[in-house]
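Chemist: Quick one, what's the 3D model for this:
(2 chains)
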Amino acid sequence: MADRRYETLVLIHPDQGEPGVKELAARIQKLIEEQGGTVSQVQEWGVRDLAHPIAKQRRAFYVLFEYRAAPKGLDEVQRTLKLMDPVLRFVSVRRPEGAPPAPPRPAKRERERDEADFEGGEFEGMGEGEV
Amino acid sequence: MPRERSDRRGAKGEGRAPRRRGMGRRKVCRFCADKSMLIDYKDARVLGSFLSERGKIIPGRITGTCSRHQRQLTVAIKQARTVALLPYTTAYP
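Modeler: Numbers count the residues shown, from 1 in each chain, chains lettered A, B, ... in the order given. Take a look at the predicted model:
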């Protein structure tokens, strides 16, 4: 079956530390290649604050993989990712053939804005209770 | 329906003209107006502008997004929520 373009965004446990993340990213890349995929791009976004807690963590290390693989290969990649303990969560998306490659992302933190959102939310939540 | 009303007010606060019968400015789908604007689940900044203050998806009839792009938008927002780029709601413990 023809190869398809995919991308997978993986959230890695922050306790892994930078070297642990690098190693895991290399392992995932190898995993994709073992399934007959060709990785075109790996982006490390760095540690980001999560919009909601996952597995009791408030932040995670984000890594994005862009690759071509067969649908069967993707199934296997996803199955294996689910078994990896340091992987908090991931999402795989099929990309259209003509789509431009994902633009590189500066590992920017939006802490201030996120915190402002959080406070605003609490306030509104209280207001709603009265209505 | 106080909740719905407060959401609507939030949307208007973004500079939308209130709906008026007969006349008034017609809302245009932002993704149709600017073809270079792509709907991408990784772009939390763009997607976030289609969420209410409570993190709910704002209906297309309020933001003016056409039905085709609204469909793509909801999928992208839900994907972004899965990887915690966007909130499901505010106020987490």
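Chemist: Show residues contacting the helix or strand harbouring B:Arg45.
Modeler: Assigned by DSSP states H and E, B:Arg45 belongs to helix B:44-48. Contact with helix B:44-48 is made by A:51, B:37, B:39-41, B:73, B:76-77, B:80, B:85-86, as judged by CB atoms under 8 Å, 6 or more residues apart in numbering or on different chains. Yep, even glycine has a C-beta here, placed from its N, CA and C like the rest.
Chemist: before we move on, what about stretch B:30-41?
Modeler: So stretch B:30-41 is contacted by A:91, A:93, B:46-47, B:63-66, B:69, B:72-73, B:75-77, B:79-80, B:83, B:85 (CB under 8 Å, 6+ apart).
Chemist: of the residues you listed, buried ones?
Modeler: A:91, B:46-47, B:63-65, B:69, B:73, B:76-77, B:79-80, B:83, B:85 (16 or more other CB atoms under 10 Å in any protein chain shown).
Chemist: Just the closest of the residues you listed to A:Glu18, please.
Modeler: B:Val83 (20.2 Å; CB to CB).
Chemist: Make CSV out of the buried ones among the contacts of stretch B:30-41 and add secondary structure.
Modeler: What follows is those, written out as CSV (DSSP: H, G, I helix; E, B strand; the rest coil):
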residue, secondary structure
A:Val91, strand
B:Val46, helix
B:Leu47, helix
B:Thr63, helix
B:Gly64, coil
B:Thr65, coil
B:His69, helix
B:Leu73, helix
B:Ala76, helix
B:Ile77, helix
B:Gln79, helix
B:Ala80, helix
B:Val83, coil
B:Leu85, coil
